[in-house]
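**Student:** Below are the sequence and a predicted model; questions follow.
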Amino acid sequence: QKEVEQNSGPLSVPEGAIASLNCTYSDRVSQSFFWYRQYSGKSPELIMSIYSNGDKEDGRFTAQLNKASQYVSLLIRDSQPSDSATYLCATQMDSNYQLIWGAGTKLIIKP
Amino acid sequence: NAGVTQTPKFQVLKTGQSMTLQCAQDMNHNSMYWYRQDPGMGLRLIYYSASEGTTDKGEVPNGYNVSRLNKREFSLRLESAAPSQTSVYFCASTLTSGVRNTGELFFGEGSRLTVL
């Protein structure tokens, strides 16, 4: 059974620090990986996608993928209180397949 | 730009009642989805429609039916609601090119359903 695992948290990080969110997946054929952010009471929104091993940076966000170890992470630099949300990790085996979702990690940025 | 619009946003039902959740998107997306989200369980796919005229079961289809009315609209029906269907329901859409799914889903605001 394909699974995506995330620590549910909450993960508490001081404002201005680096927040590190991790996700592991069980299916070795997963090819595409996504990080969605969900504010409390709101719908998920895509913030990062990554397809190749290594790092991908977008502003304060960096996604890291290690297919050999089957994990993907999201780093948030200079964390802001507005980054407080639940972060959902999702994988996709192939472009024909549906996304497989983790349960999410709740991140709290303390001023 | 409205994006994905869901109605109603809140609904309370009694066990055994039926209802339909409506979803419409104005982004000319091919694929549409219905998810439910329960605490600690993430998003679970109920049904999806890869293109107009097709629908397929997802992970948790029992107790639900769907209709892809046209390219814009995808509805979810609960024929006989049960307390286990108390959840937040999200409609989503994505652009596909041929059979390729980009993985970038656009979500509606959610419909909060309580079944007593």
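**Tutor:** Received it, and whenever you're ready, just let me know what you need. Numbers count the residues shown, from 1 in each chain, chains lettered A, B, ... in the order given.
**Student:** So for the helix or strand hosting A:K106, mean pLDDT?
**Tutor:** For A:K106, the element it lies in under DSSP states H and E is strand A:105-110. The pLDDT scores in strand A:105-110 average 96.
**Student:** could you dump that strand to PDB, C-alpha only?
**Tutor:** Taking only C-alpha atoms (Å, rounded to 0.1, in the frame of the first residue of the first chain), the coordinates of strand A:105-110 have been written out as PDB:
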ATOM      1  CA  THR A 105       2.300  18.800   9.800                       C
ATOM      2  CA  LYS A 106       1.000  21.700  11.800                       C
ATOM      3  CA  LEU A 107       3.600  24.500  12.000                       C
ATOM      4  CA  ILE A 108       3.500  27.300  14.500                       C
ATOM      5  CA  ILE A 109       5.800  30.200  14.200                       C
ATOM      6  CA  LYS A 110       6.100  32.000  17.600                       C
END
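**Student:** ok, and does it reach over to chain B?
**Tutor:** No. Strand A:105-110 stays clear of chain B (Cβ under 8 Å from any Cβ of the partner chain), getting no nearer than 10.6 Å. (C-beta placed from N, C-alpha, C; glycine too.)
**Student:** how about the residues of chain A that lie near chain B?
**Tutor:** Residues of chain A lying near chain B (Cβ under 8 Å from any Cβ): A:4, A:8, A:32, A:34, A:36, A:42-46, A:49, A:88, A:90, A:92, A:95-99, A:101-104.
**Student:** What strands flank the strand holding A:K106, and is each parallel or antiparallel?
**Tutor:** Paired neighbours of strand A:105-110 in the sheet (DSSP bridges): strand A:11-14 (parallel), strand A:85-92 (antiparallel).
**Student:** Name every sheet partner of the next helix or strand after the first one and say whether each one runs parallel or antiparallel.
**Tutor:** Using DSSP H and E, the helix or strand that follows strand A:11-14 towards the C-terminus is strand A:19-25. Strand A:19-25 pairs in its sheet with strand A:4-5 (antiparallel), strand A:71-76 (antiparallel), by DSSP bridges.
**Student:** buried set for strand A:19-25?
**Tutor:** A:19, A:21-25 (16 or more other Cβ atoms under 10 Å in any protein chain shown).
**Student:** Contacts for that strand next, please.
**Tutor:** A:2-7, A:11, A:13, A:33, A:35, A:70-76, A:79, A:83, A:87, A:89, A:91, A:100, A:102, A:105, A:107, A:109 (Cβ atoms under 8 Å, 6 or more residues apart in numbering or on different chains).
**Student:** Out of the strands paired with strand A:105-110, which gets the lowest mean score?
**Tutor:** For the strands paired with strand A:105-110, where the average pLDDT is lowest is strand A:85-92, sitting at a mean of 94.
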